[in-house]
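In: After the sequence you'll find the predicted model.
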Amino acid sequence: MVTAPGINVQKVETSKLQSLSLENIPFGKYFTDHMLEADFEDGEWKNIEIKPYQPLLLDPSTAAIHYGQAIFEGIKAYKDGEGNVFMFRPLDNYKRFNISAARMQMPLIPEDVFMEGMRLLVDLDKNWIPGQDDHSLYIRPFMFSTDSVIGVKPSDKYKFMIILSPTGPYYNKPMRIYVEEKYSRAAPGGIGYAKAAGNYGASMLATAEAKKLGYDQVLWTDAVDHKYVQEIGTMNVFFIIGNKAYTPELLSGAILAGVTRDSAITILQEMGLEVLEERINIDDIINAHRSGLLYEVFGTGTAATISLIRELRYKDYIMEFAVESWKVAPELKKRLNDIRNCKVPDRFNWMYKI
């Protein structure tokens, strides 16, 4: 049947949810009954459909496998106390998706395909949204090149998809972070600001080496001097120094413009903190810690939400924090979660009702 212009919907006969509990569910392990799929061919998007979640059949020469033209986004959906479903700032993710597409020489997604397709899909699988605190329905739109040819050039064909995953917390305890100064995540002129698959693939060696030392993630530094902090694995980063909040600036193009980052800036300002977006030298972070002015360090991201950092290590200098006594990050997380879970009025118009 067709429920919206150009989007065909094929429903499953029996939901997998009948044999799955959403209690204490891990992040990104289970997927809902349906997915959205669309093809870009001959200069237009076609074959737009929502159908049962299933494997893909790909030619071994599929261009994305060889040349890495692949991008994605992360969005979350929540239910309020009356069962209404809302997505958090999906239009901002839609805009960023097309920024990534343009950088990777991929076709732009029309707003009606992205937003209406996502709305229909989430509405169809809304029973998969967990009701517990720190749980949600994670929405993963993605696109990859599908030309069946070996050759380094932009593909003529692409596939756009959306899949859904009921999730719990990405990080369930305060983190230990290692400041990376050997490997680089991104450089000016590169694709650091795009949510491209290759950015994450390139990060895995440094992360694995940090985990061998007992750390959860790395805090990337700039590719030239390895002195200016950028972002943490799956998160942007904030430092509370004195009565101000600092976060790395975006002008270099090496850092992802996080939607949760932007939300955190707004709420921190509402809380009365001055927020400074600037180049942050790791030496200044260490000096603030030595002088007793570095009070809190935390990450922000769609998956991570607000993640507390209990230890930060640069070379042999270790900064430890008593996160249980923190004031700013816990209050920020509470205010953000209250908006997402519809416990307070949506004063910023961030929630998109399904």
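Out: Great, that's in hand. Residues are numbered from 1 along each chain as shown.
In: Over to residue 145: give its phi and psi.
Out: Backbone geometry at residue 145, expressed as degrees, to the nearest 10, gives phi -80, psi 140.
In: for residue 309, same thing?
Out: With angles defined as degrees, to the nearest 10, residue 309 sits at phi -110, psi 120.
In: gap between the residue lying farthest from the centre of the chain and residue 229?
Out: Going by Cα atoms, centre = their mean, the residue of the chain most distant from its centre is residue 291, 33.7 Å out. Distance of residue 291 to residue 229, given as Cβ to Cβ, to the nearest Å: 18 Å. C-beta coordinates here come from the backbone N, C-alpha and C atoms, glycine included.
In: same deal with residue 33?
Out: In terms of Cβ to Cβ, residue 33 sits 42 Å off from residue 229.
In: neighbour count winner among those two?
Out: Set residue 33 next to residue 229 and count neighbours by other Cβ atoms under 10 Å: residue 229 wins out with 26 against 19.
In: Quick check: which element contains that one?
Out: strand 229-232 (DSSP states H and E).
In: for that strand, packing partners?
Out: The helices and strands touching strand 229-232, judged by 3 or more Cβ pairs under 8 Å, 6 or more residues apart in numbering; DSSP states H and E, are strand 217-221, strand 244-248.
In: Single out the most deeply packed of those strands.
Out: Ranked by mean neighbour count, these are led by strand 217-221 with a mean of 25 (mean count of other Cβ atoms under 10 Å).
In: Relative to the helix or strand that contains residue 139, what are the paired strands and their orientations?
Out: Per DSSP H and E, residue 139 falls inside strand 136-145. The strands beside strand 136-145 in its sheet (DSSP bridges) come out as strand 70-72 (antiparallel), strand 75-79 (antiparallel), strand 158-167 (antiparallel).
In: would you list those strands in a markdown table and tack on mean neighbour count?
Out: Output for the strands paired with strand 136-145, formatted as a markdown table (neighbours: other Cβ atoms under 10 Å):
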| stretch | mean neighbour count |
| --- | --- |
| strand 70-72 | 22 |
| strand 75-79 | 23 |
| strand 158-167 | 22 |
